[in-house]
Structures are given as C-alpha cells and as structure tokens.
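A.B. asks: Got a sequence here, can you build the structure:
(one chain, ligands or ions: 1)
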Amino acid sequence: MAEILVLVDHADGVVRKPALELLTLARRIGTPSAVVLGAGDKATEIAAKAAEFGAEKVYVADGTEFTDQLVVPKVDALTQIARANDAAAVLVTSSGEGKEVAARVALRLGSGIITDAVDLEAGVSGPVATQSVFAASFQVKSTVTRGAAVITVKPNAVAPQAAPAGGAVESVSVEFTGNAAAVTSRTARVSSGRPELTEAAIVVSGGRGVGAAEGFGVVEELADALGAAVGASRAAVDAGWYPHTNQVGQTGKQVSPQLYIAAGISGAIQHRAGMQTSKTIVAVNKDPEAPIFELVDYGVVGDLFTVLPQLTGEVKAR
Ligand code: FAD
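C.D. replies: Next comes the predicted model:
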C-alpha cells in the first residue's frame with residue numbers, strides 16, 4: 001500500500017485533534033506514517049498516540065530548529081522523509097502555517113498541492129481530494145498528476161477514529177537548509193479555556209444582534225455549556241465587542257464544525273464563506289426574513305436574549 005505521510009501537529013506534548021483526523025483520512029488512501037517534529041521528550045507519547053490512530057511508522061526528528069525557526073525546518077524534514085521513503089502523499093492540517101509548509105514541500109518535490117480539502121478518497125492514480133469552493137456553493141474533486149500529492153485538509157473534515165497500528169518509531173536526522181536568522185517570535189496568548197476556533201466541534205457565534213460587548217455574555221454561556229468555541233461576525237468585531245481572532249468569515253477564520261450556532265447574525269455572503277461547510281447550522285434571529293435562514297438546518301425566529309439562555313438552561317439540565 002502507498003505510504004501516506006501525515007505531519008502531526010502537537011502542542012505541550014499533546015497531539016492536536018486535526019492530526020488525528022488526518023491519520024483517519026490517510027487510512028482511506030494508503031498506509032499512514034506519522035511525522036513528529038520538535039517534540040523533545042514528548043516524542044514517545046506523541047508517537048504512541050499516532051500509532052493508536054493508524055500510523056504504521058512514526059518518523060521522529062528533534063531539534064530546536066523546529067520550534068525556534070520559521071517553517072523551513074519542517075519543510076526540510078517532510079521533503080527529505082517523503083523522498084527517502086517514496087511517499088505517495090503528504091497530508092498537512094489547513095492552518096496558516098500548514099498551508100505554507102505544504103506549498104513549499106510541493107514545490108521542492110516538484111509535485112502539486114491541493115489546499116483546504118474537506119474529504120479524501122482513493123483514486124486510480126492517487127488520492128482524490130474534495131474541496132468546497134465559492135463559499136461552499138460547489139464541491140470540486142482534484143488529483144495531483146505528478147509526484148507525491150501534497151494536500152492540506154480542513155479541521156473537522158472527519159471524526160477521528162482510532163485504529164491501532166504498528167507505530168514503529170524511526171529516528172530521522174534532518175539536513176537543515178534554512179537561514180537560522182529567520183526566527184519565530186511568540187506572543188503569549190491569554191487562554192479562554194475554550195477549544196481553538198478552527199478545531200472546535202461546536203461553534204457559537206454572535207453578531208451585531210448582541211448589541212454590545214456585554215451581549216456576548218449569553219453567547220459565551222451557551223458556548224461553555226456546550227464545550228464550544230466562540231465566534232463573531234465582522235460587524236461585532238468592527239464594533240470592538242469581540243477580538244478579531246474570533247472573527248468568522250472571508251476575512252476571518254474558516255470553520256467547519258459539527259454544529260454552528262449563529263446568534264444575531266444576518267448571514268452576509270462574507271460571513272457564510274467562513275462557516276457554510278459546517279455540518280449542522282442553527283440560527284437565532286428575530287427577523288424571519290434574515291438571509292441566514294436560507295442555509296440553516298434549524299432556525300429559531302426570536303430574541304437571542306430569550307432563546308440563548310433557554311438553550312443554555314436545557315443543555316445544563318441534561
Ligand atoms: P447585521 O448584518 O447587522 O445583522 C444583525 C442581525 O441580527 C440581523 O439579522 C438582525 O435581525 C439580528 N438581530 C438584531 N437583534 C437581535 C436580537 N435581539 N435577537 C436575535 N437577532 C437579532 N463579515 C463577517 O462576518 N466575516 C467576515 O470575514 C467578513 N469579511 C468581509 C469582507 C469584505 C471585503 C466585506 C465588504 C465585508 C465583510 N464582512 C464580513 C461583512 C459582511 O458583509 C456583513 O456586514 C457582516 O457579516 C454583518 O454582520 P452581522 O450579521 O453581525 O450584522
């Protein structure tokens with residue numbers, strides 16, 4: 001079976017959920033091998049998790065280069081491992097960094113890249129990726145016709161499923177080609193304790209309808225009851241009611257959760273562009289003519305300050 005490399009994203013020694021989703025998808029198109037970079041003494045735990053989700057092999061490379069420098073060390077490692085093992089495909093999470101790494105790997109391998117896939121299947125001449133385009137109005141299937149397909153996959157494309165495999169660990173020594181002067185600078189972020197917006201299984205978003213920064217209180221309470229992330233429309237962000245890091249849409253983040261709840265959001269095309277691939281969409285809006293109701297699975301016409309607390313109460317009661 002074709003070897004499929006999966007770049008395993010991890011933080012604080014914990015494998016991030018999108019990496020488990022990649023391993024789950026990789027099993028559909030070949031035999032997954034995990035690539036674990038810069039994990040230090042947590043590499044063994046991370047390798048074990050990757051094996052639990054189907055990695056037959058785990059390539060481990062260590063070095064401060066992976067954490068202290070920009071994307072080039074990861075590109076070096078992935079390219080060298082892909083070449084040495086004649087990998088059929090390389091899967092990377094669709095994050096800002098993931099897409100940059102993937103594009104550079106595809107260039108170095110002389111193959112091709114498909115970004116923001118929402119599904120993968122085996123094809124006659126390699127993996128076939130499904131993309132959702134034009135604000136999720138159409139689905140496109142693509143393949144890479146030359147060399148190892150490099151594919152970035154959106155978080156929540158699939159539910160991660162365990163499938164224990166060999167997980168043989170192979171230590172890899174990487175030849176770094178980058179400029180050590182290009183370093184990563186980090187700003188400590190204050191954690192809200194909520195899931196990361198692009199990875200969350202549930203997102204509750206508030207729009208101009210919440211009326212003020214304090215109005216996000218009812219949105220956050222529902223999000224916390226559901227274990228969800230909080231999103232916001234650009235109108236709410238521009239008004240200064242919620243941080244830009246939480247903006248969903250064309251000029252914000254793209255989310256694709258199992259459940260998206262839009263409260264006081266009209267459903268402008270630029271907002272839809274960031275959430276339309278959500279599996280189930282619920283809207284709460286007091287205007288029955290709001291365009292958001294055109295795309296929802298469930299719509300509640302009502303005041304969000306009445307509906308959201310009722311929902312929160314129901315969730316907590318279960
Ligand atoms: P509104 O359109 O004002 O809608 C508010 C809704 O709340 C209304 O439907 C109203 O009926 C409802 N409401 C009011 N009070 C209540 C209540 N008490 N209970 C229930 N419902 C209530 N927008 C984004 O969101 N993300 C983007 O990334 C983005 N990028 C953009 C990029 C460009 C280039 C441009 C031009 C625009 C972009 N926009 C983006 C803006 C977008 O066009 C809309 O202006 C914006 O999405 C509107 O936000 P909203 O739905 O919160 O506000």
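A.B. asks: Count the residues that sit near Asp224.
C.D. replies: 17 (other C-beta atoms under 10 Å). (Each C-beta comes from the backbone N, C-alpha and C, glycine too.)
A.B. asks: and if you look at Thr245?
C.D. replies: 12.
A.B. asks: now Asp62
C.D. replies: Around Asp62 there are 18 other residues, counting by other C-beta under 10 Å.
A.B. asks: For it, give me its contacts.
C.D. replies: 37-40, 43 (C-beta atoms under 8 Å, 6 or more residues apart in numbering).
A.B. asks: next one: Asp116
C.D. replies: When contacts are counted by C-beta under 8 Å, 6+ apart, Asp116 touches 94, 131-132, 152-154, 254.
A.B. asks: Helix or strand for it, just tell me which one.
C.D. replies: Using DSSP states H and E, Asp116 falls within strand 112-123.
A.B. asks: Just the buried positions in that strand, please.
C.D. replies: For strand 112-123, burial by neighbour count (16 or more other C-beta atoms under 10 Å) applies to 112-120.
A.B. asks: Counting neighbours, what do you get for the residue nearest to Val15 when sequence neighbours are not counted?
C.D. replies: If the residues on either side of it in the chain are set aside, Val15 comes closest to Lys49, at 4.6 Å by C-beta to C-beta, 6 or more residues apart in numbering. Using other C-beta under 10 Å, Lys49 has 23 other residues around it.
A.B. asks: returning to what we had before: okay if I get the contacts of Asp116 as a markdown table plus pLDDT and neighbour count?
C.D. replies: Formatted as a markdown table, those follow (pLDDT from 0 to 100; neighbours: other C-beta atoms under 10 Å):
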| residue | pLDDT | neighbour count |
| --- | --- | --- |
| Ser94 | 93 | 21 |
| Gln131 | 94 | 19 |
| Ser132 | 87 | 20 |
| Thr152 | 98 | 25 |
| Val153 | 96 | 28 |
| Lys154 | 92 | 23 |
| Gln254 | 89 | 20 |
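A.B. asks: In those residues, find the pair that's most separated.
C.D. replies: Of all pairs drawn from these, the greatest distance, 13.2 Å, lies between Ser132 and Thr152 (C-beta to C-beta).
A.B. asks: Distance from stretch 97-105 to the middle of the chain?
C.D. replies: 14 Å (C-alpha atoms, centre = their mean, to the nearest Å).
A.B. asks: Output the contacts of Asp116 in CSV; the columns should cover distance to the ligand and secondary structure.
C.D. replies: Formatted as CSV, the contacts of Asp116 follow (distance: C-beta to the nearest ligand atom, whole Å; DSSP: H, G, I helix; E, B strand; the rest coil):
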residue, distance to the ligand, secondary structure
Ser94, 17, coil
Gln131, 19, strand
Ser132, 16, strand
Thr152, 20, strand
Val153, 22, strand
Lys154, 16, coil
Gln254, 9, coil
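A.B. asks: and which of these is nearest Leu107?
C.D. replies: Of those, the one sitting nearest to Leu107 (C-beta to C-beta) turns out to be Thr152, at 14.0 Å.
A.B. asks: Not counting its neighbours along the chain, what's nearest the closest one?
C.D. replies: Ser94 (4.2 Å).
A.B. asks: That neighbour and Pro155 touch, don't they?
C.D. replies: Yes: counting by C-beta atoms under 8 Å, Pro155 is a contact partner of Ser94 at 7.0 Å.
A.B. asks: what's in contact with the helix or strand containing Ala235?
C.D. replies: If you go by DSSP H and E, Ala235 is part of helix 234-238. Here helix 234-238 makes contact (C-beta under 8 Å, 6+ apart) with 206-208, 210, 216, 242-244, 246-247, 249, 251-252, 270-271.
A.B. asks: gap between the host helix or strand of Leu107 and the chain center?
C.D. replies: Using DSSP H and E, the element containing Leu107 is helix 96-109. Computed by C-alpha atoms, centre = their mean, the chain-centroid distance of helix 96-109 equals 16 Å.
A.B. asks: Also stretch 300-318?
C.D. replies: On C-alpha atoms, centre = their mean, the centre of stretch 300-318 falls 28 Å from the chain's centre.
A.B. asks: quick one: buried residues of it?
C.D. replies: Here stretch 300-318 shows 300, 304-305, 307-308, 311-312 as buried, counting by 16+ other C-beta under 10 Å.
A.B. asks: Over to stretch 196-215?
C.D. replies: Neighbour count says stretch 196-215 has 196-211, 215 buried, by 16+ other C-beta under 10 Å.
A.B. asks: Among those, which ones lie close to the ligand?
C.D. replies: Here is what survives when these are matched to the ligand using C-beta under 6 Å from any ligand atom: 207-209.
A.B. asks: Give me the subset of these lying in strands.
C.D. replies: Among these, no residue falls in strands (DSSP state E).
A.B. asks: As TSV, these with distance to Asp68 and pLDDT would be great.
C.D. replies: TSV is the format used below for those (distance: C-beta to C-beta, whole Å; pLDDT from 0 to 100):
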residue	distance to Asp68	pLDDT
Gly207	40	98
Arg208	42	98
Gly209	44	98
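A.B. asks: Good, we can wrap up now.
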